[in-house]
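Visitor: The following block contains a protein sequence and its predicted model.
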Amino acid sequence: MIDEIVAHGIRSVTLARIAARTGLAIGSIRHYFGDTVREVMRFTLDVLVQRIVRRATTMSDDPVVRITDVIAFAAPTSEQERREHTAFVEYRVMARTDPELAAEIAATSFTGAEVIRSLLRDALADRTIDEEALHREALLLFALVEGFSFSSALVSAPLRETDVRAVVTATVQRLRDAYPPAGKAVEAVAGRSS
């Protein structure tokens, strides 16, 4: 189904097209998924989310490097990942007007944003940053993830992992530089009050 979505868009997927692409009889598809393409679509969305979540990767012990690892891991840097992200973008666009899909997509996005926020909290643990600023900075990084995903759906080649890592590394470094080390903020406040 992913190939069908990539080739024709999600709204043009039919049971007949799925059967033609997979070589399965429509009756077999209906046996497992019912009479509508909707159940096949829900199944495919679940598969896409699981593939993204279960991709194997090695994470650094350094929290600053780990956030780069996670975002590079989430970015589509292979042809298969690009195709999967293209299909996922199609689902996200459809969810804008489909309340059932909207809840699933929103939950997936919320989880992703929370992961980024948690990683950023670790990466900035030695910096002075309030919760509101942390929230805004996490949104910035999540926008990078979203941008990598969306842009991959619009081009015919996957992103280069080296480019993704360079962008994320530079962004995280700018974030770290924007906030003073935790000890220095305390010293500055103590120096002003004496």
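Guide: Cool, the structure landed. Residues are numbered from 1 along each chain as shown.
Visitor: Could you use CA atoms for every contact and neighbour count after this?
Guide: Fine.
Visitor: shaky segments in this protein?
Guide: 52-57, 184-194 (pLDDT under 70).
Visitor: And the helices in it?
Guide: Assigned helices in the chain, in chain order: 2-8, 15-22, 26-33, 37-54, 63-74, 79-95, 99-123, 131-154, 161-178, 182-193 (criterion: DSSP state H).
Visitor: Could you pull up phi and psi at Asp61?
Guide: Dihedral pair for Asp61: phi -80, psi -20, per degrees, to the nearest 10.
Visitor: Number of residues surrounding it?
Guide: 8 (other C-alpha atoms under 10 Å).
Visitor: Distance-wise, check it relative to Ser152.
Guide: 29 Å (C-alpha to C-alpha, to the nearest Å).
Visitor: Could you verify my assumption that Val70 touches Met59?
Guide: Yes. Using C-alpha atoms under 8 Å, Val70 is in contact with Met59, at 7.4 Å.
Visitor: Show me which of those two is the more surrounded one.
Guide: Val70 (20 against 14).
Visitor: Contacts only, for that one.
Guide: Met59 (C-alpha atoms under 8 Å, 6 or more residues apart in numbering).
Visitor: Tell me how far it lies from Gln50.
Guide: 16 Å.
Visitor: do Arg11 as well
Guide: The gap separating Arg11 from Gln50 is 22 Å, by C-alpha to C-alpha.
Visitor: Thought Ala153 was touching Glu79, still the case?
Guide: No. Counting by C-alpha under 8 Å, Glu79 does not reach Ala153; the two are 10.9 Å apart.
Visitor: from what I can see Ser60 touches Arg66, true?
Guide: Yes. The criterion here is C-alpha under 8 Å, and Ser60 meets it with Arg66 at 5.0 Å.
Visitor: neighbour count winner among these two?
Guide: Neighbours were counted for Ser60 and for Arg66 using other C-alpha under 10 Å; Arg66 has more, 18 against 13.
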